[in-house]
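Visitor: give the three-dimensional model of this entry:
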Amino acid sequence: MRYDLLVANIVVAIFFWLCFVVPAALVSLPIVLLGRRRVRWHRWELLAFVVPFCVWFLLQYFVPAPPRAKDLNNLILEPFFIAAAVPLVAAIRAVAGKGLEADERVFAVVLQAVPCALAAVVHFFTPNLGGGFHHI
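Guide: Okay, here's the model as predicted:
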């Protein structure tokens, strides 16, 4: 593979990741700050800003596209759909409050799976969102 093509793919991946992480982080930050006295947040929970996007992005490459055509609008807007799940999960975690340490960790892990599952659902079930670029 040519290095310039590899660099271009990395730049595109970073752009789409930013479409995911910026809104997710901006909405999640106040939830995490307000819930910090109710819940012990773990550093590994920051994976919610990476793993769901990776699931969605890798599905774009390795799983055949749905039979209906998608276009550039899908590639730009689908990360926003997935990003909505991250603050929702943070809010559920903050509202649930503090429990036993082991139970709290299990609950956090289960909640981490929600945005990942949503990423797969978005990939397979989001129809063409319109626009001029087809069959991407």
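Visitor: from now on I want contacts and neighbour counts done on CA atoms only, so please keep to that.
Guide: Noted.
Visitor: name the residues that touch stretch 42-57?
Guide: By Cα atoms under 8 Å, 6 or more residues apart in numbering, the surrounding residues in contact with stretch 42-57 are 13, 17, 20-21, 24-25, 79, 82, 86, 108, 112, 115-120, 122-123.
Visitor: what about the longest helix in the chain?
Guide: Taking DSSP state H as the criterion, the chain has its longest helix at helix 3-35.
Visitor: and that one, average pLDDT?
Guide: Averaging pLDDT along helix 3-35 gives 92.
Visitor: which strands and helices sit next to that helix?
Guide: helix 51-62, helix 72-83, helix 85-96 (3 or more Cα pairs under 8 Å, 6 or more residues apart in numbering; DSSP states H and E).
Visitor: any idea which of those scores lowest on pLDDT?
Guide: Taking the mean pLDDT of the helices and strands packed on helix 3-35, helix 72-83 comes last: a mean of 87.
Visitor: which parts of it are buried?
Guide: Counting neighbours by 16 or more other Cα atoms under 10 Å, one finds that the buried residues in helix 72-83 are L72, N73, N74, L75, E78, P79, F80, F81, I82, A83.
Visitor: buried subset of the contacts of stretch 42-57 as a PyMOL selection?
Guide: Here is the PyMOL command that selects the buried residues among the contacts of stretch 42-57 (16+ other Cα under 10 Å):
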select buried, resi 17+20+21+24+25+79+82+86+108+112+115+116+118+119+120+122+123
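Visitor: about what we covered before: show me what counts as buried in the longest helix of the chain.
Guide: Quick answer for helix 3-35 (16+ other Cα under 10 Å): 16-21, 23-25, 27-28, 31-32, 35.
Visitor: chain center to that helix, what's the gap?
Guide: Helix 3-35 sits 9 Å away from the centroid of its parent chain (Cα atoms, centre = their mean, to the nearest Å).
Visitor: export the helices and strands packed on helix 3-35 to JSON lines and tack on distance to V39?
Guide: Output for the helices and strands packed on helix 3-35, formatted as JSON lines (distance: least, Cα to Cα, whole Å):
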{"stretch": "helix 51-62", "distance to V39": "22"}
{"stretch": "helix 72-83", "distance to V39": "21"}
{"stretch": "helix 85-96", "distance to V39": "6"}
